[in-house]
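Q: Give me a model of this one.
(one chain, ligands or ions: 1)
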Amino acid sequence: MKVVKGKRNGKKVDVKEMPEASMMLLPPRPGVCQECATDHDPAMPHNQQSLYYQMKFQMEHGRGATWVDAMAHCSDDVKTKWIEALKTHGVEVSS
Ligand SMILES: [Zn+2]
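A: Prediction:
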């Protein structure tokens, strides 16, 4: 485990960096999507902004999840509607 020397609020601290491989996530509660820990229609995208989804995806893929990843399982019609809706909120999704 890597130990980094640093300062915080003027005090010297040792920061232990946890390797991703040593991290574990507890499963989401029953009744919610087991991918993103959010209660949503399975035909709809995962909650791309869910901390659980981001952590799980990062651990499995080595990068953060995008909206394209979150809606990969959706029908083309659902994807089109979500991409349009996200655009109205200033989020550009390129597939
Ligand atoms: Zn989900």
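
Q: counting contacts, what elements does the lowest-mean-pLDDT helix or strand in the chain pack onto?
A: Counting by mean pLDDT, DSSP states H and E, the weakest-scoring helix or strand in the chain turns out to be strand 2-8, with a mean of 75. Other helices and strands packing on strand 2-8, by 3 or more Cβ pairs under 8 Å, 6 or more residues apart in numbering; DSSP states H and E, are strand 11-17. The C-beta positions use only the backbone N, C-alpha and C, and glycine is treated the same way.

Q: Other residues contacting the strand it packs on?
A: With Cβ atoms under 8 Å, 6 or more residues apart in numbering as the test, strand 11-17 has contacts from 1, 2, 3, 4, 5, 6, 7.

Q: Same list (those) but as a markdown table, adding distance to residue 52 and neighbour count.
A: Formatted as a markdown table, the contacts of strand 11-17 follow (distance: Cβ to Cβ, whole Å; neighbours: other Cβ atoms under 10 Å):
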| residue | distance to residue 52 | neighbour count |
| --- | --- | --- |
| 1 | 24 | 7 |
| 2 | 25 | 8 |
| 3 | 28 | 9 |
| 4 | 27 | 9 |
| 5 | 32 | 8 |
| 6 | 28 | 10 |
| 7 | 32 | 8 |
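
Q: Switch those over to TSV; also include distance to the ion.
A: Below are the contacts of strand 11-17 laid out as TSV (distance: Cβ to the ion, whole Å):
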residue	distance to the ion
1	32
2	33
3	36
4	35
5	40
6	36
7	40
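
Q: Next one: residue 32, what pLDDT does it get?
A: Note on residue 32: pLDDT of 97.

Q: Wasn't residue 78 part of a helix?
A: Yes: according to DSSP: H, G, I helix; E, B strand; the rest coil, residue 78 belongs to a helix.
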